[in-house]
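K.L.:
next comes the sequence, and after it the predicted model I'd like to discuss.
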Amino acid sequence: MRVISSAEAQNHFGELLDNAQREPISITRRGRPVAYIVSSEAYRTLAGRVAESPQAAGYLNEIASFRGSGMKGATEALLADRAADRLREA
């Protein structure tokens, strides 16, 4: 897995997207990982595995209840959108 700083990611975003099609990219800030960029195919695979997990619904509900009320419910809306996308893809 390639590791790059957040500044480098900002300066070379197009290249970052191209590289993410070949391998996951770890983005760091002050030497600590803060995000990962993966291809859409890898994301769909990972999301499918999470959805199949019996614990996934519980985790997602806990995240929504913890963070969903902030930012005018943005997290809760995002999770609902993702669930709707999974239903459309199935």
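P.N.:
Nice, thanks for sending it over.

K.L.:
surely Ala20 meets Tyr36?
P.N.:
No: here Ala20 does not reach Tyr36: they are 9.0 Å apart, not a contact under Cβ atoms under 8 Å. All C-beta spots, glycine's among them, are computed from the backbone N, C-alpha and C.

K.L.:
higher neighbour count, those two?
P.N.:
For Ala20 versus Tyr36, the count of surrounding residues by other Cβ atoms under 10 Å is larger for Ala20: 18 against 13.

K.L.:
not counting its neighbours along the chain, what's nearest that one?
P.N.:
Of all residues beyond its chain neighbours, the one nearest Ala20 is Ile37 (4.4 Å), with distances taken as Cβ to Cβ, 6 or more residues apart in numbering.

K.L.:
what pLDDT does that neighbour get?
P.N.:
Among the per-residue scores, Ile37 shows a pLDDT of 91.

K.L.:
cool, and Arg67?
P.N.:
For Arg67, the pLDDT comes out at 51.

K.L.:
what of Gln21?
P.N.:
For Gln21, pLDDT reads 93.

K.L.:
next SSE downstream of the helix or strand of the chain with the lowest mean pLDDT?
P.N.:
Sorting the helices and strands of the chain by mean pLDDT, DSSP states H and E puts helix 56-67 at the bottom, at a mean of 64. On the C-terminal side of helix 56-67, the nearest following helix or strand under DSSP states H and E is helix 74-89.

K.L.:
verify the stated contact: the residue nearest to Ala20 with Asp18.
P.N.:
No: the pair Ile37 / Asp18 is not scored as a contact, 10.7 Å apart, by Cβ under 8 Å.
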